[in-house]
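Trainee: with the input below, show me the fold.
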Amino acid sequence: METMLSSKNSSYYSVNLICKTRHLLHKARQRELAPYNITPQQAHILLILHELGHKVTLTELARHVERESNSLSEQVAKMEKDGLVKKTRETPKSNKLSCVLTKKGLEICNQSQKLRVDKAIMSVVSLKERQQLMATLEKLIHEAEKYQ
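Mentor: Numbering: from 1, shown residues only. As a prediction, this is how the structure comes out:
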């Protein structure tokens, strides 16, 4: 089936391979994080909070994770319920919310960064091949953003 796709429409087959790769990488990371009861998206949010100094506005966080503020707000609310982050107001009467990494969130962030199945998977590709892949994917992203 895949050979037929590649011979008839290489663009479609290329997109199919990108989707399949993303899906399998996501599933592997999900399985790796299961003992910590967090999703790959949550691990990504924890890492961004850690990298940006543990306290970030929801708007800034949404920009870094490339998601809409409303869907991110739901994710952060669940993470707050799980004790990973805490939402605070910038000033007492402000509508501007910040997200702060908790001690538990920091511990899980540190543990989740030690486990990197994606690194193991990417190790089959040389540095030069990874650089070519990144350049190609950046071109595709840049072009796809024109259609948003």
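
Trainee: may I have the host helix or strand of residue 139 as PDB, with CA atoms only?
Mentor: Following DSSP states H and E, one finds residue 139 within helix 127-145. This file holds the C-alpha atoms of helix 127-145, laid out as PDB (Å, rounded to 0.1, in the frame of the first residue of the first chain):
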ATOM      1  CA  LEU A 127      23.800  14.800  12.900                       C
ATOM      2  CA  LYS A 128      24.100  15.800   9.300                       C
ATOM      3  CA  GLU A 129      20.800  14.000   8.400                       C
ATOM      4  CA  ARG A 130      19.100  15.700  11.500                       C
ATOM      5  CA  GLN A 131      20.300  19.100  10.300                       C
ATOM      6  CA  GLN A 132      18.900  18.400   6.800                       C
ATOM      7  CA  LEU A 133      15.600  17.100   8.300                       C
ATOM      8  CA  MET A 134      15.300  20.200  10.500                       C
ATOM      9  CA  ALA A 135      15.900  22.500   7.600                       C
ATOM     10  CA  THR A 136      13.300  20.700   5.500                       C
ATOM     11  CA  LEU A 137      10.700  20.600   8.200                       C
ATOM     12  CA  GLU A 138      11.300  24.300   8.900                       C
ATOM     13  CA  LYS A 139      10.700  25.100   5.200                       C
ATOM     14  CA  LEU A 140       7.400  23.000   5.300                       C
ATOM     15  CA  ILE A 141       6.300  24.800   8.500                       C
ATOM     16  CA  HIS A 142       7.000  28.200   7.100                       C
ATOM     17  CA  GLU A 143       5.000  27.400   4.000                       C
ATOM     18  CA  ALA A 144       2.100  25.800   5.900                       C
ATOM     19  CA  GLU A 145       1.900  28.900   8.200                       C
END
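
Trainee: what's the spacing between it and its chain's center?
Mentor: Put simply, helix 127-145 sits 17 Å off its chain's centre (C-alpha atoms, centre = their mean, to the nearest Å).

Trainee: what of stretch 123-142?
Mentor: 18 Å.

Trainee: so what's the closest residue to residue 41 other than its chain neighbours up against?
Mentor: Once flanking residues are discounted, residue 41 sits nearest to residue 75: 6.4 Å by C-beta to C-beta, 6 or more residues apart in numbering. The way it works is simple: take the backbone N, C-alpha and C, and place the C-beta from them, glycine included. Going by C-beta atoms under 8 Å, 6 or more residues apart in numbering, residue 75 touches 41, 42, 45, 67.

Trainee: fine by me, thanks again.
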